[in-house]
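Novice: Structure of the sequence below:
(2 chains)
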Protein chains: 2
Amino acid sequence: MGVYGGIEAGGTKIVCAVGTAPDDIRAEERYATGAPEDAIPRAVRFFQEHVAAGELDAVGIASFGPVDPDLKSPTWGHVTTTPKPGWAHTDFAGQIRRALGVPVGFDTDVNAAALGEHRWGAARGLHTFIYLTVGTGIGGGAMVEGKLLHGMMHPEMGHIRVPHDWAADPFQGACIYHGDCLEGLAAGPAIEARWGQRGETLPPNHPAWELEARYLALGAVNYTLTLAPQRIIMGGGVMAQTHLFPLIRRHVRALLADYLQVPQIASDLDRYVVPPELGGRAGVLGAIALAERAALGQG
Amino acid sequence: MGVYGGIEAGGTKIVCAVGTAPDDIRAEERYATGAPEDAIPRAVRFFQEHVAAGELDAVGIASFGPVDPDLKSPTWGHVTTTPKPGWAHTDFAGQIRRALGVPVGFDTDVNAAALGEHRWGAARGLHTFIYLTVGTGIGGGAMVEGKLLHGMMHPEMGHIRVPHDWAADPFQGACIYHGDCLEGLAAGPAIEARWGQRGETLPPNHPAWELEARYLALGAVNYTLTLAPQRIIMGGGVMAQTHLFPLIRRHVRALLADYLQVPQIASDLDRYVVPPELGGRAGVLGAIALAERAALGQG
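Specialist: Next comes the predicted model:
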């Protein structure tokens, strides 16, 4: 079994780890993301001793976006048009690969989290599923027929339009592009703007959660009908409110109205809309899973 | 080059053809779908002389649904729970394969049409795209990263929920399951119920079309954000109103609001939302493309 390095690069912090599986993480380091001139060499230094000891077979990078994960593209492995200072058009994967001399896997943070859940978590054995994160924004990664979804661009599932009952919810939406798209109605900032306080301070019986569950269910239903995933994993800060899950499932059932006669929906909804099993570790473990794929030549 | 048979099985008629490509169809027969006890043997008889002459390498079936296209399933190749008299739980592909002794490919009518457009039409060279049909219902097939999308079940893209402006459009929707889902608002029967006359009798400057274009654009936008297709092909009876295309593109652009900085959307929308190139031939040609795949062992 190989030993792999994972880099989870988020907007504010970077986590580097070396290991083989969730229960075998042999080294780990965290630091503020800062500028790429500091962040990338620091990751290289962290992995270098493992490479020197002959015990690092590949590195995977789960990066904030937008990124170019297309293996055939001349800018593969780059962070592309981000407004994050210093990072636009940075050859993230190329720098790591040249410095360490090992295969490098590279994808978005949400696709990596999806892959981590597929390798060790809530999506084991599935070929088609969605990993959705609901936090300061709403983002989604997906595996379809065994392949991570790239398509024309990284999907932006959070920005789909869903019905907005203005009488029941006069809040105009918080998305600067679309107003009341799903993210604009249901991400963390929308909850805070609508109710005047942060979601985590609202009690479980607050009407905010019924409304939140309905919006997230509308998203789940539209994704289900479009992509036909075998499961939808919902993580991120907002989903730490675990009482949302039964509410979301109830709305999914009502919205689909017995239309889909598949057991996953008809009788097994508790296992259809689920939290991640790797929790906050999905990102860095997903990066390690990306490394494993790269070592096996699966991109 | 192989010679293939295609069966396009629709709810009302069946088309059988033998050929190698759109410009080389060597025989063709059409008949009412009727009962499977008559329809399937008739298809067998049509192909039998070609098999006997050693000039048929495989057959593809593009079937009305619901069907089971999962190669690993014991009911692969069956029409499953259809209300169509006699057809429920019919082993369509198995009967053809046993009678003719050639490989058989099998998929939904929309996935086959998608494959046909990929092989010879508007999706040549693409790996991820959607084929949507807008007629008496709204259905979608998709190829994702080079594979036809099957997922948990055949996608039911037409039934996604989209914003419904009740003030502008008080029509309650025509879907018997969901009321005002996309199909309930925008398929042919919805147009007829809302305006009191069939769509093809409404002039191009009738307000029906602006509303229709907005709903179809909402669908296209949600599919784009979820599946990131490189192109959306829109066919079917309603799309014979070709003046809809520029209207749909205009609404897609407005709804996305400069959010997606990819050339397909930003500057090339005329080639992003397009009619099928094979037109009404996509189904039977798609069935021939399914046969070709089966002959090559690609399922």
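
Novice: Return the distance of stretch A:80-99 from the chain's centre.
Specialist: Offset of stretch A:80-99 from its chain centre (Cα atoms, centre = their mean, to the nearest Å): 19 Å.

Novice: Give me the contacts around it.
Specialist: A:7, A:9, A:11, A:33, A:35-37, A:40-41, A:43-44, A:47-48, A:59, A:61, A:63-68, A:75-79, A:103-104, A:106, B:261 (Cβ atoms under 8 Å, 6 or more residues apart in numbering or on different chains). Bear in mind the C-beta positions are built from the backbone N, C-alpha and C, glycine included.

Novice: ok, 7 Å please
Specialist: A:11, A:35-37, A:40, A:43-44, A:59, A:61, A:63, A:66-68, A:76-79, A:104, A:106, B:261 (Cβ atoms under 7 Å, 6 or more residues apart in numbering or on different chains).

Novice: Please apply the same query to stretch A:161-172.
Specialist: Against stretch A:161-172 from outside (Cβ under 7 Å, 6+ apart): A:179-182, A:185, A:193-194, A:211, A:215, A:218-219, A:222, B:161-164, B:218, B:221-222, B:255.

Novice: Narrow these to those in strands?
Specialist: Per DSSP state E, strands hold no members of these.

Novice: Give me the buried subset of the residues you listed.
Specialist: A:180-182, A:185, A:194, A:211, A:215, A:218-219, A:222, B:161-164, B:218, B:221-222, B:255 (16 or more other Cβ atoms under 10 Å in any protein chain shown).

Novice: picking that back up, only whichever of the contacts of stretch A:80-99 are buried, select them in ChimeraX.
Specialist: To isolate the buried ones among those in ChimeraX, judged by 16+ other Cβ under 10 Å, type:
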select /A:36,40,43,44,59,61,63,66,67,68,76,77,78,79,104,106
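
Novice: ok, back up a step: quick one: which of the buried ones among the contacts of stretch A:161-172 sit in helices?
Specialist: A:182, A:185, A:194, A:211, A:215, A:218, A:219, A:222, B:218, B:221, B:222, B:255 (DSSP state H).

Novice: beta partners for the closest residue to residue A:276 other than its chain neighbours?
Specialist: Nearest residue to residue A:276, sequence neighbours excluded (Cβ to Cβ, 6 or more residues apart in numbering or on different chains): residue A:235, at 4.2 Å. With DSSP bridges as the criterion, residue A:235 is bridged to residue A:133.

Novice: Would you mind measuring from residue A:235 to residue B:141?
Specialist: 30 Å (Cβ to Cβ, to the nearest Å).

Novice: which parts of the stretch 1-150 of chain A sit against chain B?
Specialist: Contact residues, the stretch 1-150 of chain A versus chain B (Cβ under 7 Å from any Cβ of the partner chain): A:81, A:128, A:144, A:145, A:147, A:149, A:150.

Novice: nope, the stretch 151-299 of chain A is what I was after
Specialist: So far as Cβ under 7 Å from any Cβ goes, the stretch 151-299 of chain A lies against chain B at A:151-157, A:159-164, A:177-178, A:218, A:221-223, A:225-230, A:255, A:257, A:259-262, A:264.

Novice: By neighbour count, which of the residues of the stretch 1-150 of chain A next to chain B wins?
Specialist: residue A:144 (25 neighbours; other Cβ atoms under 10 Å in any protein chain shown).

Novice: show me the contacts for residue A:58.
Specialist: So residue A:58 contacts A:2, A:4, A:102, A:103, A:104, A:105, A:291, A:294, A:295 (Cβ under 7 Å, 6+ apart).

Novice: switch the cut-off to 8 Å
Specialist: A:2, A:4, A:5, A:102, A:103, A:104, A:105, A:291, A:292, A:294, A:295.

Novice: Now render those residues as TSV, adding secondary structure.
Specialist: Below are these laid out as TSV (DSSP: H, G, I helix; E, B strand; the rest coil):
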residue	secondary structure
A:2	coil
A:4	strand
A:5	strand
A:102	coil
A:103	coil
A:104	strand
A:105	strand
A:291	helix
A:292	helix
A:294	helix
A:295	helix
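
Novice: what's the farthest-apart pair in those?
Specialist: A:2 and A:104 (13.8 Å; Cβ to Cβ).

Novice: from what I can see the residue nearest to residue A:276 touches residue A:279, true?
Specialist: Yes: using Cβ atoms under 8 Å, residue A:235 is in contact with residue A:279, at 7.3 Å.

Novice: what about stretch A:78-98, distance to the chain center?
Specialist: On Cα atoms, centre = their mean, the centre of stretch A:78-98 falls 19 Å from that of its chain.

Novice: what is the mean pLDDT for it?
Specialist: Stretch A:78-98 shows a mean pLDDT of 94.

Novice: Pull up the distance across that stretch, start to finish.
Specialist: End-to-end distance of stretch A:78-98 (Cα to Cα, to the nearest Å): 14 Å.

Novice: Ok, stretch A:104-114 next?
Specialist: 18 Å.

Novice: Identify the residues contacting residue A:265.
Specialist: So residue A:265 contacts A:224, A:252, A:253, A:256, A:272 (Cβ under 8 Å, 6+ apart).

Novice: so how far is residue A:178 from residue A:184?
Specialist: Residue A:184 is 6 Å from residue A:178, by Cβ to Cβ.

Novice: Actually, residue A:29.
Specialist: 38 Å.

Novice: What segments of the stretch 1-150 of chain A are helices?
Specialist: Counting by DSSP state H, counting those that start in this stretch, the segments of the stretch 1-150 of chain A that form helices are A:36-52, A:92-100, A:109-120.

Novice: which one of these is the most hemmed in?
Specialist: Mean neighbours per residue, mean count of other Cβ atoms under 10 Å in any protein chain shown, is largest over those for helix A:109-120, with a mean of 27.
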